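Participant: everything below, folded, please.
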Amino acid sequence: MKFRKFIQPLEEGFLSEGDVIRAEGLTKQFGNFTAVDHISFTVHKGEIFGFLGANGAGKTTAMKMLCGISTMTDGQVCIAGYDLKWHVRRIKREIGYMSQKFSLYEDLKVWENIRLFGGIYGLKEDEIERKTELLLDRLDLRKQKNSLVRSLPLGWKQKLAFSVAIIHNPKIVFLDEPTGGVDPATRRGFWEMIYDAAEQGITIFVTTHYMDEAEYCDRVSIMVDGRIEALDTPARLKEMYNSDNMDQVFHTLARRAKRDE
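Facilitator: Here you go, the predicted model:
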């Protein structure tokens, strides 16, 4: 296609083999306020990557940029092999997204939500039909297929939202505080679904306020005042900050914050 000659390719070798995300100097400014301040990191294929920070630290803003929901002010980012500046539409076909308020339509039935998201993610009609039947059985929602989503318990909504976010087998799924407001047993069940997805090769990029969930991640990044203050495995972070758990690590770093939430 003729327009391709105007698209600037990524610098050769920018994304290493085995990585699905690389950000260099990712920045977001709102006037004089720098919400995300030149952060750099990589995420590996099949990794469960925890992206943590207190309210106002900039993590949700950064995630929205990575998903193409918000434009970045500066930096270079590669998602699934594509430059975020030039290939936002292509990237959106390679990722899934689940917001903290659940990406479902409450006035639609269970089966209608599944079919809708299958269409949104570009699946063909026969694949949508197959995936709909598969998910109804896998989630044990066959009897509730004609129920409005608003009538489902919170835990079931959560599992359905995650399932439709990966219905197209994306390379990466972004989860923005997906377990907020549910009980510990339901959270554990949800994390079993996350592990299953990771074993299938889907990279999990997750934000959470529950520090016990940070222990489930392969690596954890902690943002403070728009910058990444620490990034490593939970075990190494606990050793580095002489802490017994990730909650202690988080609060040690969060106390360094200078700007208001």
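Participant: please tell me how far the closest residue to S70 other than its chain neighbours sits from L26.
Facilitator: Take S70 and drop its neighbours on the chain: the residue closest to it by CB to CB, 6 or more residues apart in numbering is K64, 4.1 Å away. The C-beta positions use only the backbone N, C-alpha and C, and glycine is treated the same way. Here the distance between K64 and L26 works out to 11 Å (CB to CB, to the nearest Å).
Participant: F162 now?
Facilitator: Following CB to CB, the distance that separates F162 from L26 is 25 Å.
Participant: now do the SS call for the residue nearest to S70.
Facilitator: Following DSSP: H, G, I helix; E, B strand; the rest coil, K64 is assigned to helix.
Participant: for the one 4 residues further on, same thing?
Facilitator: Of the three states, G68 takes coil according to three-state DSSP.
Participant: what is the burial count for it?
Facilitator: For G68, the neighbour count with other CB atoms under 10 Å is 19.
Participant: and for the one 3 residues further on?
Facilitator: As a burial measure, the neighbour count of T71 was computed by other CB under 10 Å and equals 11.
Participant: check contacts around the residue nearest to it when sequence neighbours are not counted.
Facilitator: Using CB to CB, 6+ apart and skipping residues adjacent in sequence, the residue nearest T71 is M65, 7.2 Å away. Contacts for M65 (CB atoms under 8 Å, 6 or more residues apart in numbering) come out as 26, 28, 36, 71-72, 77, 84.
Participant: would you list every one of the strands in this protein?
Facilitator: Using DSSP state E, the strands found in the chain span residues 19-30, 33-44, 48-53, 74-79, 82-83, 95-98, 172-176, 203-207, 219-224, 227-232.
Participant: contacts for stretch 251-261, please.
Facilitator: 53-57, 222, 224-226, 229-230, 241, 243.
Participant: again, only this time at 10 Å
Facilitator: Residues outside stretch 251-261 that contact it (CB atoms under 10 Å, 6 or more residues apart in numbering): 33-35, 52-58, 211, 222-227, 229-230, 237, 240-243.
Participant: quick revisit: when K64 and L26 are compared, which one has more neighbours?
Facilitator: More crowded of K64 and L26, by other CB under 10 Å: L26, with 25 against 19.
Participant: does I166 touch G201 like I think?
Facilitator: No: using CB atoms under 10 Å, I166 makes no contact with G201, being 11.0 Å away.
Participant: tell me which of these two has more neighbours.
Facilitator: Ranked by neighbour count (other CB under 10 Å), I166 and G201 place I166 first, with 22 against 11.
Participant: mind pulling up the phi and psi values for the more buried one?
Facilitator: Backbone torsions of I166, given as degrees, to the nearest 10, read phi -120, psi 20.
Participant: first to last residue in stretch 118-125, what's the distance?
Facilitator: 9 Å (CA to CA, to the nearest Å).
Participant: now do it: distance to the chain's middle.
Facilitator: Stretch 118-125 sits 20 Å away from the centroid of its parent chain (CA atoms, centre = their mean, to the nearest Å).
Participant: other residues contacting that stretch?
Facilitator: Stretch 118-125 is contacted from outside by 92-93, 95-96, 103, 115, 117, 127-132, 135, 164-170, using CB under 10 Å, 6+ apart.
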